[in-house]
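Novice: Any chance you can model this:
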Amino acid sequence: PQTPVVLSMSHWEGSHADGVDVRIELGDVSSALAATAVVTFGDTECALASTEPADDGKTTIVVPLCAFAASHVSVTVRIPTLGYALGAAAEGNSYLYFMQKLAVYSVEPRNGAWYGGTRITVHGSGFGGGVEDTEGAEEGAHGMGVSGTLWGAARATSSVTVGELPCKVESESHEAIVCHTKKVERYNKLLNPAGHRTDCEWRGW
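Specialist: Residues are numbered from 1 along each chain as shown. Got it, this is the predicted structure:
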């Protein structure tokens, strides 16, 4: 039987918030069949945007990176009428991997009560989106920490810290987390040594 072959992949890491288009070059498959390809990043299927046939018989499929929890996942390519492509098959038979990055862009409001209870929204990308807790790696800056998942499923529960204090998560998507702050101790750890505010800090009054 005919087996499609993966020849190359353009990106190995990135964020869906940056509009990354992952280009996968296929061989031994017609452009018409390549247009039916099902591409998954871990447990998440991302839709094809277009196909680009070449004169040498190769076809490049263009897949906009979709939203899923920050993680390092295998990539699979399946042609429904032919099966999985060589080099991008399921069950550990893929050499393609992709790292969805975790990022924090902004926090609002920028200040709140010393005694906690302030409802804040963290904007970014690669957040867990909710469901079950998984082991993760922290990414944070200047007092704001968001724990995502380094190896895991499409969705996970994120945890947030503000000034090393837990912020109780109310809701989350892959782009935003809403949480409630806890009481801030008298010493404000969210100030840098010079006493100046930094770009991504949050502090209580």
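Novice: Residue 11 is in contact with residue 24, correct?
Specialist: No: under the criterion of CB atoms under 8 Å, residue 24 makes no contact with residue 11, lying 9.7 Å away. To be clear about C-beta, it is placed using only N, CA and C from the backbone, and glycine gets the same treatment.
Novice: ok, the two, which is more surrounded?
Specialist: residue 24 (25 against 14; other CB atoms under 10 Å).
Novice: what sits against that one?
Specialist: Contacts for residue 24 (CB atoms under 8 Å, 6 or more residues apart in numbering) come out as 6, 8, 9, 10, 39, 60, 61, 63, 75, 77, 88, 96.
Novice: Pull out the buried members of the residues you listed.
Specialist: 6, 9, 39, 60, 61, 63, 75, 77, 88, 96 (16 or more other CB atoms under 10 Å).
Novice: I'd like those residues written out as CSV, with pLDDT added.
Specialist: CSV is the format used below for the buried ones among the contacts of residue 24 (pLDDT from 0 to 100):
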residue, pLDDT
6, 97
9, 98
39, 98
60, 97
61, 98
63, 98
75, 97
77, 98
88, 97
96, 97
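Novice: List the neighbouring strands of the strand or helix carrying residue 63 plus their orientation.
Specialist: According to DSSP states H and E, residue 63 maps onto strand 59-64. Strand 59-64 pairs in its sheet with strand 21-27 (antiparallel), strand 50-53 (antiparallel), by DSSP bridges.
Novice: what's the most buried one of those?
Specialist: Among those, strand 21-27 has the highest mean neighbour count (mean count of other CB atoms under 10 Å), at a mean of 20.
Novice: Return the alpha-carbon coordinates of that strand using PDB.
Specialist: Taking Å, rounded to 0.1, in the frame of the first residue of the first chain, the C-alpha atoms of strand 21-27 are listed here in PDB:
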ATOM      1  CA  ASP A  21       1.900  28.700  10.500                       C
ATOM      2  CA  VAL A  22       3.400  25.300  10.700                       C
ATOM      3  CA  ARG A  23       4.400  24.100   7.200                       C
ATOM      4  CA  ILE A  24       4.800  20.300   6.700                       C
ATOM      5  CA  GLU A  25       6.200  18.900   3.500                       C
ATOM      6  CA  LEU A  26       4.800  15.600   2.300                       C
ATOM      7  CA  GLY A  27       6.000  13.200  -0.300                       C
END
